[in-house]
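Enquirer: curious how this folds, go ahead:
(chains A and B)
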Amino acid sequence: MKTYAKIAIGAGLATALLSSTAMAQQTVTVMAYSGLFQERYTKAVVEPFMKANPGIKVEYFPMPNSAQMLGNLRAQKAAPQADVVIMDVSVSKAATDEKLLTKIDEKNTPNVADLYPSARIADVDGVAVTFDNLVLLYNTDTVKETPKSWMDLADKKFAGKVAIPGMPDIQGLSLVLITDKARGGTDYLKNVDKGIAALGEIAPNVQTWEPKPEVYVTIISGQATVGAGWNARAQVNIDTSNGKLGATLPKEGSVFQINTINQVAGGPGKDAGAKFINYALSPEAQKAFTEAMFYAPTNAKAQISDAAIARTAVKSMDKVIPVDWIALAKVREPIMDQWRRKVIPLSR
Amino acid sequence: MSAVAPAAAMPAPLPAAERSSGLPLVVLLLLPIALVNAFGFLAPVFNLLRMSFYESQATGAMVEVYTFATWASVLRDSFYAELILNSILVSLGITLMTLVCSYPIALYLHRSSGTWRTILLVLVISPLLTSAVVRTYGWVAILSENGLVNNALGAIGIAPLKLMFNKTGVVIGLTEILMPYMILALLAGFGRLDPRVEEAASTLGAPPWKVFRHIVVPLTMPGIALGSLLCFVLAVSSFITPKLLGGGRVFLLATEIYDQAIVTLNWPLAATLSILVLVIFGGALVLYTRALRAIM
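Expert: Residues are numbered from 1 along each chain as shown, chains lettered A, B, ... in the order given. Just a heads-up that it's a prediction; the model follows:
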């Protein structure tokens, strides 16, 4: 009897101790992009969040791309290890359809109320946390005059000097949509023949459809001199290359790439995860990250410095062509087919 | 010595009944590797096979049902037939190039001896210590428009060649990357090459090319077959080098699997193509065993 009592007291004490430490330290695991994104997001959002919430520890789990995040979520469906995932909207849609996520709305995340309407995507459980847009990139050493049109990429003087991340990458797809619209295409869900024709004119100039490791480095090094890439990374690369890289929004406009923030269904750190998401969508976190990496904010109330906002597409929203990435996913295969048969053969 | 003696003495006095437990012993010894293979290879392959029958929705969502839709689309679409043919032809070309480049080196290595041989062997194997990614970037520096080769050509007044971001680049890069494997496989298969047979042929008046054609090549056939099988399999399944040197123009099975799995998120299609790669490997293995039987 005496030993049993001792064991009971011991066990009770241990439980109490464990639960008290659990109370003191909750952990939120955030799965998001590795590299530059991780570095800047940790400084601008994760660290200030932990400072404001000493009881919550954020573990940043880096992944190179959205597809691998989805792979992880699929593998951990029975016992999720992550609480929050930042991924591309089309991947977020797949995860939603597979019931891997929990719906985020005003009820559990008050800051959702302040988001731009375009940040809330129908039939997707997550909400937009960053907007990025396609920009024309150029090497400032060799290209003295800033290109004005996407079709400048077809100019003879850039023969063999164009680097575009081609389809199935959505940067190539975006370029098809932009040029299709510029040439009078009306509904990209029905056909993008005009865009494919435009890419066919650029194709003979293309040096590589797979700039590696990234298109920015390829252009900074001078291996290629013009190309297409995402604005946020381009802006950071402009700074780190001391202006060797140039980025411009051509007259035909651009499209947004959307990263969503998502709550994993049945994640281990439940409430704390929702708390982190709310913070990530708050005006201060949105401001800090836009100023750190030049992704356009999704919270309409974020007060961003003029210097930073000028380097995003926020001031030229009229140039941003709306794209329904979810609907587009359904016609991606036929577009890919045209790309293979009508664009690639022209670039050999 | 004393530890070995009882062990060596043990089998002799074993009664017949106990000796028949030899079969379970074999099973017991094979069990660990069988288990490792079952968990590490067979299970994932079956998983892959199962996944190729999942349904892939347009959004990338995967539904765990049984459907032949993916298989049907792969068999119907001429793009995949071209893809498979292209992969096999390019890989055969790479295998042949690797063989031609490696054979003289392997033969020289086989005939050398002492420290010199060791040094050469280390030189041959040393590229394997560097990752294929790094070596491929090395080729980018050599083959690019401002690279070593084109600069040299430019110096003697020849217009730059397109050596990279096309099939040529992929073949050159993979040939070099696969050479160590080919050389090692060739060396392993050169056991039957006896210098005395070559000498005998020479003394009987055969010119060197005839000795090579009728003595050296037939005797080294096992090495050639082994090296070719190994390089073909590695060429079909490599995707880093084609990604870096192909410039998005070279469509191969391995790169397509990567794109479908990582970019387009069509895992059932990626799984289907992976199974097809396994079928191609099976075909290569059948050819290899047939060739081996013909040689032996």
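
Enquirer: quick one: name the residues of the stretch 51-200 of chain B near chain A.
Expert: For the stretch 51-200 of chain B, the contact set with chain A under Cβ under 8 Å from any Cβ of the partner chain comprises B:Gln57, B:Ala58, B:Thr59, B:Gly60, B:Ala61, B:Met62, B:Phe79, B:Ser144, B:Glu145, B:Asn146, B:Phe165, B:Asn166. Where C-beta positions appear, they are placed from N, C-alpha and C, glycine not excepted.

Enquirer: report the buried members of those residues.
Expert: B:Gln57, B:Ala58, B:Thr59, B:Gly60, B:Ala61, B:Met62, B:Phe79, B:Ser144, B:Glu145, B:Phe165, B:Asn166 (16 or more other Cβ atoms under 10 Å in any protein chain shown).

Enquirer: which residue packs closest to the fifth one, ignoring adjacent ones?
Expert: This means B:Ala61. Distance criterion Cβ to Cβ, 6 or more residues apart in numbering or on different chains; nearest residue to B:Ala61, sequence neighbours excluded, is A:Asp97 at 3.5 Å.

Enquirer: contact partners for that neighbour?
Expert: B:Gln57, B:Thr59, B:Ala61 (Cβ atoms under 8 Å, 6 or more residues apart in numbering or on different chains).

Enquirer: ok, now A:Gln68?
Expert: Contacts of A:Gln68 by Cβ under 8 Å, 6+ apart are B:Ile262.

Enquirer: that one sits in which helix or strand?
Expert: helix A:66-75 (DSSP states H and E).

Enquirer: how distant is that helix from the center of its chain?
Expert: 15 Å (Cα atoms, centre = their mean, to the nearest Å).

Enquirer: name the element A:Lys181 belongs to?
Expert: Per DSSP H and E, A:Lys181 falls inside helix A:170-182.

Enquirer: what helices or strands is that helix leaning on?
Expert: strand A:127-139, helix A:193-202, strand A:226-230, strand A:254-264, strand A:320-321, helix A:325-329, helix A:332-338 (3 or more Cβ pairs under 8 Å, 6 or more residues apart in numbering or on different chains; DSSP states H and E).

Enquirer: got a list of contacts for it?
Expert: Identification of contacts with helix A:170-182 by Cβ under 8 Å, 6+ apart yields A:88, A:90, A:134, A:150-151, A:164-167, A:188, A:192-196, A:198-199, A:209, A:215, A:228-230, A:252-255, A:257, A:321, A:323, A:325, A:328, A:332, A:335, A:339.

Enquirer: buried residues in it, which are they?
Expert: By 16+ other Cβ under 10 Å, the buried positions in helix A:170-182 come out as A:170-182.

Enquirer: now do stretch A:111-122
Expert: Buried residues in stretch A:111-122, counted by 16+ other Cβ under 10 Å: A:Asn111, A:Val112, A:Asp114, A:Leu115, A:Ala119, A:Arg120, A:Ile121.

Enquirer: next one: stretch A:241-255
Expert: Within stretch A:241-255, the residues scored as buried using 16+ other Cβ under 10 Å are A:Ser241, A:Lys244, A:Leu245, A:Gly246, A:Ala247, A:Leu249, A:Pro250, A:Glu252, A:Gly253, A:Ser254, A:Val255.

Enquirer: reformat the contacts of A:Asp97 as a markdown table; add secondary structure.
Expert: Output for the contacts of A:Asp97, formatted as a markdown table (DSSP: H, G, I helix; E, B strand; the rest coil):
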| residue | secondary structure |
| --- | --- |
| B:Gln57 | coil |
| B:Thr59 | coil |
| B:Ala61 | coil |
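
Enquirer: would you pull up the residue in chain B closest to chain A?
Expert: B:Gly248 (2.6 Å; Cβ to the nearest Cβ).

Enquirer: ok, that residue - contacts?
Expert: Counting by Cβ under 8 Å, 6+ apart, B:Gly248 has contacts A:Gly166, A:Thr208, A:Trp209, A:Glu210, A:Ile344, B:Phe165.

Enquirer: now do the SS call for it.
Expert: B:Gly248 is classified as coil under three-state DSSP.

Enquirer: residue contacts, the residue nearest in space to the middle of chain A?
Expert: In chain A, the residue lying closest to the centroid (Cα atoms, centre = their mean) is A:Asn259, at 3.7 Å. Contact analysis of A:Asn259 by Cβ under 8 Å, 6+ apart lists A:Ile86, A:Met87, A:Asp88, A:Val89, A:Ala128, A:Val129, A:Thr130, A:Asp132, A:Tyr295.

Enquirer: one more: B:Gly173?
Expert: B:Arg135, B:Thr136, B:Trp139, B:Leu143, B:Thr241, B:Leu244, B:Leu245.

Enquirer: tell me which element it falls in.
Expert: Secondary-structure assignment from DSSP H and E places B:Gly173 in helix B:167-188.

Enquirer: do B:Leu92 as well
Expert: Here B:Leu92 is assigned to helix B:78-111, by DSSP H and E.

Enquirer: let me know the next secondary structure element after that helix.
Expert: Going down the chain from helix B:78-111, the next helix or strand is helix B:114-125, by DSSP H and E.

Enquirer: which other helices and strands contact that following helix?
Expert: Using 3+ Cβ pairs under 8 Å, 6+ apart, helix B:114-125 is in contact with helix B:78-111, helix B:167-188.

Enquirer: need the winner for burial among those helices.
Expert: Highest mean neighbour count among the helices and strands packed on helix B:114-125 (mean count of other Cβ atoms under 10 Å in any protein chain shown): helix B:167-188, with a mean of 22.

Enquirer: give the residue spans of chain A that score low on pLDDT.
Expert: Scanning chain A for pLDDT under 70 picks out A:1-24.
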